[in-house]
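Predicted model follows, preceded by the sequence.
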Amino acid sequence: MKQLRRKINGLRRSPKALGIVMFAGLLVVGTGYSTVSAAVSPNREVVRTQEQIDLGKKIFLANCASCHGKNAEGTQNGPNLIGVGEASVDFQVSTGRMPGAASGPQLEVKPVQFTEEDIAAMAAFIGSLGDGPSIPDAAYLQANGDPSAGGELFRINCAMCHNAAGAGGALTQGKYAPHLMNSSAKTIYEAMVTGPQNMPVFNDANITPEQKNDIITYLTYVQNNDSVGGEELGSLGPVSEGLIAWFGLLGLLIIIAVWLAAKSN
Amino acid sequence: MSTTQTKPQKNSFLAGTANYVDERVGASGILKEFGRKIFPDHWSFMLGEVAMYSFFVLLLSGTFLTFFYDPSMAIVKYDGVYAPLKEAMISKAYESSLFITFEVRGGLLMRQVHHWSALLFVAAAGLHMLRVFFTGAFRKPRELNWVVGFVLFVLAMAGGFTGYSLPDDLLSGNGLRIIDGMIKGVPFIGTGISSLLFGGEFPGHVVIGRLYALHIMLIPALILVFLAVHLFMLIIHKHTHFSGPGRKDTNIVGYPLMPVYVAKAGGFFFIVFGVIMVISTFFTINPIWNYGGYDPSPVSAGTQPDWYIGWLDGALRLAPTGMEFMIGEYTVSMNILIPLTVSLLFLALVAIYPFIENWVTGDKREHHMLDRPRNAPTRTAIGAAGVMFYAVLWAGASTDLIATHFKMNLNQVLVTMQISLLVLPVVAFIVTKRICLALQRKDKEVAIHGRESGRIVRLPHGEYIEVHEPLDEYELYKLVDFKDYQPTLARPNAEGKITLGARVRSSLSRFYFQDRITPATKTEIEQARHHAHELEAQVQKAIESDK
Amino acid sequence: MSDNSKEVETSKAAAPAAGSYSDHEYELGLRVVNSDAIADPGLEPHRVRMTDKSVKHEKAAVRQVALLFTFSMLGSAFALWAYFNFPLSEDLSSVRLNTMYLGIGMTLGLMGIGIGAVHWAKTLMPDNEVSEERHLVRGSDDKRAAAVEILAAANQESGFTRRKLIRRTLYGSLALFPFPGIILLADLGPNPGDSLRHTFWKAGTRLAKDPTGIEIKASDVTLGSVFQVIPAGLNPTQKDYLEEKAKAAVLLVRVDPSELKETDERKGWSYQGIVAYSKICTHVGCPVALYEQHTHHLLCPCHQSTFDLIDGCKVIFGPAARPLPQLPITVDSEGYLVAQSDFLEPVGPSFWDRSVK
């Protein structure tokens, strides 16, 4: 508590100085990072090596071919993967959704089954089969965009399924839009460009990479900032509030009323 | 008055003040009349107080909020501290709500206090109504006060809804949009009414200001008036009390207003306020900053109204597909009209129930003793069915959350709710009635034979019996003191005709009182005691012969 | 045990029927009076509290109450201190701290008083129950007679019953006087006219992205993608922006043209599998924007009406009754998607005369 107090006092004393320092710091770190990352991760297709593709094919044949077919052409049990792109593989496998468990309304997030290298290899293999969305450029995953613009885009394009606070929501026949409270910037970006499962695709003509970064910025803000009002109750809105009103508020008051009306010893 | 006309003692500030007040407003007469009025003590009698106190908290916190809130729908560019809304084009109403939240010290706390106490106000009023219903406190002479209470409940819902809309955020805006859609569905006058309410097309530029006027003037004023009438009638009638030894329809047993009840009830106000405060301190309610300003294009998953409107929203959701039809070239939206009609009918039934029961029983005496719910099995079962009906509609408003949180299929959840709405109230009625009758039977058994002592004795001829201990007279009286009704046949009137009314009343009386457990009589108990004495003698003999 | 039964026997005579009044015997209706009822033993004996018996306990209770009131003072003082020491800043955590510490202080301030007062009442104020007689709610016969007399005199003096003409004209005037007041409300809003039948869409209006207003080319709309659309030229600064947006919001989707089921009448309304539908639910008007890419179902999050986008947005589940209205679209010479015309039917919730031409 003391520390917090001091922090706030400090802020009050020299908000400008602190702001300038912080801004400068961010600028240095941000630009530095983005130039470095742009340097090390240019377009994936260039980096893709034959070794990776061969390793990816091996893993694919051992783990995925039974449903997606030997040449990833798809079977009755799994869709055609030609042209889905590396982003799609990365999204599905690195969130643990793939390999899929017993068939349900939709794939669930599970513990991840493969190492990062294996996932990269599989992505390279699928990517080599046909053009599709590639792994997003790290420059757009910095959460350094405009949270306000991102918030508006999120409300218009995403909130109807994922809820205004990213708490998720129901779809038809047992499907659902997952909550986004733990989703990484990369996962969010890949989901937008690949449209996994029943989620529609948001291509770059619809939401530009910069705007996607804005959306990620907004969601990161929501993820990192707890509600100023206290416990969030799952950000589910009036339903959980109603339950607290009945069972928390009124329940507590009834217990007190029982004490109040009971005879004292 | 004569008591305080003498000069008070010197040095007594209290006496001096009392004298001053009495000589100007005649307070001694009021105090003499009401100071030692008796109030019975039971936890369930505090529920109405919870509602009233949360209303007072609403008045206090709401007044604070009005100092900062601006009900204008003019669009401005947000320039406050909340980064994810910077430069967003929002209404002044939403902007000022954000200002209260982020830039007024204690503003968020007061907003949360106001909203939590609103939820509590309606919840406590509802539970208070249920208490009154299940104990039969609505019977003569309190039928009119039941109606006044009912009006208060409806006003509380109206106050809640008008307040819910004021922040003009995405959530409440979609709530208004639904209201607009419902109004438009009303035949003939729908579009006109909608245009009057919104001052033209939805959402318009006036509706927030109009709801604000209703929310801070008309509705609270009406609530205050009806609350005054409610309390005035409470004083006229005096409070009810539960049946039991020493308690009759002709007396009231409890503690005097001064000092015990003043201390308890006064203290309870602070407790209610304190509990609201602690919940408001630690639990977010209506995080308007998450929703953004109202815009007709977006919507958030999980768009729900506050809990007290939930049952109406549930009714809308549960309407089956394809119920709209045309008469000539006019559209009849039964998918809106049926839920609307069913909800209004339900409310109407609640409002007039006391008169129905009174007509059936024909019992015109004053009832000041409360029933234990089991001792009025049919009424209790009707209440349970009503609660179940309401609860299914209420749950119907959260089908999407039920589906996601219990990993179920949204469509199946909705269909299950539709079936439940028709089936569960009937099940609740039957089960509740059986439970009540079983409890009554058990009470009668215990009254007649006494309580099981756990002492097993073998009689000389080999029979094993458990010895029962008779109850003391107070416990016994608690079990037998209730009002007993029997069904009636339809009787011809003076002209020798059996009217339709008489037939209906007769069949209703059978519906109510066919299954009936009469209170244990003195003779039954004496016989049982006599039998018990004989047994006891045998037992004693057996014990002695054993030695 | 046997003592009890004796007592019951001796008090046989003192068992009046429940709820009897010396005068004004009201009807009992279906109520059965039990002539063989158990007698009321009267109030239970008073149980003495520890605080009444022992000075030690009494003093302890006094201390507890005083302590609770002291807690309250400390809480209120803490809240005052917190108000000044937890100011608000740009940093949102300051809002949390301000709310929390103020709230904690005020809670203590309130609960200390409340619990203290109740504890005082329970432990230190007399706790013997008192019985008070009730009287019938109705006035005594004398009072009623007096009231009737007053009414009769008032009637006599005013001639209310006697002077029929006055009475009837009074009724008439009372019945009519509220109407001018009601008619005043008519200016609350204009006559809706045909505003509900038109939207911002016109032949040639380009489709633009919500909220940026950037116009959309047909080539932008790839398979499986969904665009939230407003008409180009709908400007956020215009006065009726929200009203127009509330009617004109559209959802744009491209599906495989071979999957699309189109009626002959609507054959030309789509462009290479790109279809545009009103987003406003035909039930009560929520935005229907939950699009499932593979099932092509559109779900309304408010009341779960589900529409089949492939099949003319027909209702397949939920309370809505009518399909979502389709916006006929095509492309212009520059490749931008444009509306062929306005919607051909009113969008949004049903209303009484929506089909009247």
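It's in.

When you work out contacts or count neighbours from here on, use the C-alpha atoms and nothing else.
OK.

does the one helix or strand residue C:108 maps to come close to chain B?
Per DSSP states H and E: residue C:108 is located in helix C:93-123. Yes. Using C-alpha under 8 Å from any C-alpha of the partner chain, helix C:93-123 reaches chain B at C:95, C:98-100, C:102-104, C:106-111, C:113-118, C:120-122.

Pull out the buried residues from these.
C:95, C:98-100, C:102-104, C:106-111, C:113-118, C:120-122 (16 or more other C-alpha atoms under 10 Å in any protein chain shown).

ok, residue A:131 - contacts?
With contact set as C-alpha atoms under 8 Å, 6 or more residues apart in numbering or on different chains, residue A:131 has these partners: A:83, A:84, A:85.

One more: residue B:205?
Contacts of residue B:205 by C-alpha under 8 Å, 6+ apart are B:72, B:73, B:74, B:198, B:199.

Mind checking which of the residues you listed are buried?
Among those, those scoring as buried are B:72, B:73, B:198, B:199 (criterion: 16+ other C-alpha under 10 Å).

quick one: the second one and residue B:92 touch, right?
Yes. Taking C-alpha atoms under 8 Å as the definition, residue B:73 is a contact partner of residue B:92 at 5.7 Å.

which among the contacts of residue B:205 gets closest to chain C?
For the contacts of residue B:205, the minimum distance to chain C (C-alpha to the nearest C-alpha) is 3.8 Å, reached by residue B:199.

Excluding covalently adjacent residues, which one is nearest to the closest one?
In space, and not counting its chain neighbours, residue B:199 is closest to residue C:189: 3.8 Å by C-alpha to C-alpha, 6 or more residues apart in numbering or on different chains.

and if you look at residue A:59?
residue A:122 (6.9 Å).

so where's the longest helix in chain B?
Ranked by residue count and defined by DSSP state H, the top helix of chain B is helix B:410-449.

could you measure the spatially most central residue of chain B against chain C, distance?
Nearest to the geometric centre of chain B sits residue B:126, at 1.8 Å (C-alpha atoms, centre = their mean). Counting by C-alpha to the nearest C-alpha, to the nearest Å, the gap from residue B:126 to chain C is 24 Å.

Residue B:49 now?
14 Å.

sorry, back to before: of the residues of helix C:93-123 next to chain B, which are in range of chain A?
C:95, C:99, C:100, C:118, C:122.

For the stretch 1-150 of chain A, which residues are neighbours of chain B?
Selection of the stretch 1-150 of chain A residues close to chain B by C-alpha under 8 Å from any C-alpha yields A:146, A:147, A:148, A:149, A:150.

and which of those residues is nearest residue B:208?
Taking C-alpha to C-alpha as the measure, residue B:208 lies nearest residue A:148 of the residues of the stretch 1-150 of chain A next to chain B, at 24.6 Å.

who's in contact with the closest one?
By C-alpha under 8 Å, 6+ apart, the contact list for residue A:148 reads A:214, A:218, B:83, B:84, B:85, B:86, B:87, B:88.

Buried among these? Need that as a selection in ChimeraX.
Applying 16+ other C-alpha under 10 Å to the contacts of residue A:148 leaves a buried subset, and the ChimeraX line that selects it is:
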select /A:214,218 /B:83,84,85,86,88
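
Save the contacts of residue A:148 as JSON lines, and put in pLDDT, secondary structure and distance to residue B:317 too.
Formatted as JSON lines, the contacts of residue A:148 follow (pLDDT from 0 to 100; DSSP: H, G, I helix; E, B strand; the rest coil; distance: C-alpha to C-alpha, whole Å):
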{"residue": "A:214", "pLDDT": "96", "secondary structure": "helix", "distance to residue B:317": "35"}
{"residue": "A:218", "pLDDT": "96", "secondary structure": "helix", "distance to residue B:317": "32"}
{"residue": "B:83", "pLDDT": "93", "secondary structure": "helix", "distance to residue B:317": "36"}
{"residue": "B:84", "pLDDT": "95", "secondary structure": "helix", "distance to residue B:317": "33"}
{"residue": "B:85", "pLDDT": "96", "secondary structure": "helix", "distance to residue B:317": "32"}
{"residue": "B:86", "pLDDT": "94", "secondary structure": "coil", "distance to residue B:317": "36"}
{"residue": "B:87", "pLDDT": "93", "secondary structure": "coil", "distance to residue B:317": "37"}
{"residue": "B:88", "pLDDT": "94", "secondary structure": "coil", "distance to residue B:317": "33"}
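
Need the contacts of residue A:148 in TSV (columns: distance to residue A:255).
Below are those laid out as TSV (distance: C-alpha to C-alpha, whole Å):
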residue	distance to residue A:255
A:214	48
A:218	42
B:83	42
B:84	41
B:85	42
B:86	45
B:87	47
B:88	46
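
mean confidence for stretch B:441-458?
Stretch B:441-458 shows a mean pLDDT of 89.

Can you give the distance of that stretch from its chain's centre?
37 Å (C-alpha atoms, centre = their mean, to the nearest Å).
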